[in-house]
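[1] sequence plus the predicted model coming up.
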Amino acid sequence: MTRSAIAIALFAIVVALAPLVVASDAWLNFIVLALFGALMAQAWNVLAGFGGQFSFGHAVFFGTGAYAMAVLQVRLGVNAWAALPVALAAGAAIGVFIGALTFRYGLRGSYFALATLAFAEIFRILANTFQFTGAGAGLQIPLTKSPAMLQFDARTGYLYVVLAFVVAGLAIATWLKHSRFGAWLQAVRDNEEAAQALGVDAYRVKLGAIAISGAMMAAAGAFYVQYLHYIDPGLAYGPHYSVEALVGALVGGMGTVWGPVVGAFALHLLSDLTRNAFGDVPGVNLMIYGALLVLIVMFAPRGLAGLFAALTAKLRGSK
């Protein structure tokens with residue numbers, strides 16, 4: 001735990017000092033979006049990597065957090081800082097709701113994954129229908145550049161906010177690696193029947209995991225709203241952020257602490273390189289993501305973090 005805490009602290013310090021070294025807005029935007037991707041990947045990793053419950057519809061939590069943040073500010077005039085914990089709680093509550101419906105009836109594997117995808121689509125239709133969500137037009141957050149309103153003149157402020165979320169996510173992943181609850185969750189992932197035979201309450205453990213995962217993904221949605229000042233049903237509940245969360249964790253390494261961070265930064269770097277190489281040709285990023293997933297599954301099933309650990313162990317063994 002001590003080594004993990006030191007590693008997280010060093011990561012936080014290095015990233016926090018980046019604005020002192022990097023003056024380009026483009027590079028600061030890259031770091032912000034990579035951290036944003038890392039937060040989503042870590043949210044997915046909590047449920048799927050540690051808990052073995054694969055989700056194709058994590059956008060349901062992302063959209064809930066985003067809309068809770070937007071509706072509270074636009075419709076009710078709530079301060080953004082006060083709206084933030086409500087958005088996280090809404091994501092956790094939706095996680096408990098979906099978990100109670102799916103885990104109670106034993107849905108797992110592809111059935112659970114498709115159920116989450118269905119919930120994301122249901123919420124997209126609902127957001128498209130009601131006027132308080134702005135229906136199809138979405139909601140525009142009033143532009144008030146003030147830290148008191150969780151809005152900043154420069155990207156540096158947003159970088160520190162999303163960095164705080166990512167550090168919290170790393171702390172949660174570290175806790176899952178070393179805590180009793182994390183051991184129960186990983187036991188359920190490896191063999192649910194055997195875990196239950198040993199006295200683990202699989203239903204409650206999975207419910208806790210989906211609540212944590214939902215709150216983390218809702219934090220990403222809330223941050224998105226504050227960063228771009230706009231949300232609509234397609235952005236909130238569409239497949240894009242579900243895919244980004246899933247791919248980031250898979251490429252980086254599921255069930256690891258640092259895998260989602262490594263995967264998110266690698267994917268965003270790859271995305272920028274392909275954008276520069278191919279321009280805005282539609283579908284290129286998805287093609288490359290798909291090819292990368294195939295290569296990872298074939299040659300590095302434990303992701304980039306697992307590959308790095310294996311290479312490090314091999315080098316140590318050869319000395």
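    Sure thing, it's come through.

[2] from now on I want contacts and neighbour counts done on CA atoms only, so please keep to that.
    Noted.

[3] so which residues of the stretch 1-150 of the chain form strands?
    139-140 (DSSP state E, counting those that start in this stretch).

[4] ranges for the helices of it?
    Ranges of helices in the stretch 1-150 of the chain, per DSSP state H, counting those that start in this stretch, are 2-21, 25-44, 59-74, 80-103, 110-129.

[5] for the stretch 201-319 of the chain, same thing?
    202-228, 233-237, 240-252, 259-278, 284-299, 303-318.

[6] quick one: the fifth one to chain centroid distance?
    Looking back up the chat, that one is helix 284-299. 19 Å (CA atoms, centre = their mean, to the nearest Å).

[7] before we move on, what about the shortest one?
    Relative to its parent chain, helix 233-237 has a centroid offset of 15 Å by CA atoms, centre = their mean.

[8] and for the first one?
    In terms of CA atoms, centre = their mean, the gap separating the centre of helix 202-228 from the centre of its chain is 8 Å.

[9] now for the closest residue to Phe165 other than its chain neighbours: which residues touch it?
    Nearest residue to Phe165, sequence neighbours excluded (CA to CA, 6 or more residues apart in numbering): Leu39, at 6.9 Å. By CA atoms under 8 Å, 6 or more residues apart in numbering, the contact set of Leu39 is Val162, Phe165, Val166, Gly169, Met216, Met217, Ala220, Pro260, Val261.

[10] counting neighbours, which of these end up buried?
    Applying a neighbour-count criterion of 16 or more other CA atoms under 10 Å, the buried members of the contacts of Leu39 are Val162, Phe165, Val166, Gly169, Met216, Met217, Ala220, Pro260, Val261.

[11] got the angle for the strand or helix carrying the third one vs helix 202-228?
    With the criterion set as DSSP states H and E, the secondary-structure element containing Val166 is helix 155-178. Interaxial angle, helix 155-178 versus helix 202-228 (axes from the mean of the first three to the mean of the last three CA atoms, to 10 degrees): 170 degrees.

[12] got the contact list for whichever helix or strand comes after helix 155-178?
    Going down the chain from helix 155-178, the next helix or strand is helix 180-190, by DSSP H and E. Identification of contacts with helix 180-190 by CA under 8 Å, 6+ apart yields 50-53, 175-177, 194-196, 200, 202, 205-206, 209.

[13] what about the nearest residue to Val257 once chain neighbours are set aside, how many residues nearby?
    Once flanking residues are discounted, Val257 sits nearest to Ala173: 5.3 Å by CA to CA, 6+ apart. Neighbour count for Ala173, taken as other CA atoms under 10 Å: 23.

[14] need the contact list for Ala173.
    Ala173 neighbours (CA under 8 Å, 6+ apart): Gln42, Val46, Thr256, Val257.

[15] low-scoring stretches of the stretch 201-319 of the chain, by residue?
    Under the criterion pLDDT under 70, the flagged ranges of the stretch 201-319 of the chain are 277-283, 285-286, 289, 313, 317-319.

[16] center of this structure - which residue?
    Met40 (1.2 Å; CA atoms, centre = their mean).

[17] before we move on, the earlier item: which one of the helices of the stretch 1-150 of the chain is the most hemmed in?
    Counting by mean count of other CA atoms under 10 Å, helix 59-74 has the highest mean neighbour count of these, with a mean of 29.

[18] quick one: distance of it to the chain centre.
    15 Å.

[19] give me the helices and strands touching that helix, please.
    helix 80-103, helix 110-129, strand 139-140, helix 202-228, strand 230-231, helix 233-237, helix 240-252 (3 or more CA pairs under 8 Å, 6 or more residues apart in numbering; DSSP states H and E).

[20] for Ala154, find the nearest of the ones you listed.
    helix 202-228 (10.7 Å; CA to CA).

[21] packing partners of that closest one?
    Short answer (3+ CA pairs under 8 Å, 6+ apart): helix 202-228 packs on helix 25-44, helix 59-74, helix 80-103, helix 155-178, helix 180-190, helix 192-197.

[22] out of those helices, which is closest to Ala12?
    Judging the helices and strands packed on helix 202-228 by CA to CA, what sits closest to Ala12 is helix 155-178, at 6.9 Å.

[23] wait, Val60 touches Phe123, no?
    Yes. Judged on CA atoms under 8 Å, Val60 makes contact with Phe123 at a distance of 6.7 Å.

[24] which neighbours do those two share?
    Tyr237.

[25] now the helices of the stretch 1-150 of the chain in CSV, with distance to Leu267 and mean pLDDT?
    What follows is those, written out as CSV (distance: least, CA to CA, whole Å; pLDDT from 0 to 100):
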stretch, distance to Leu267, mean pLDDT
helix 2-21, 18, 92
helix 25-44, 8, 95
helix 59-74, 19, 96
helix 80-103, 25, 96
helix 110-129, 23, 94
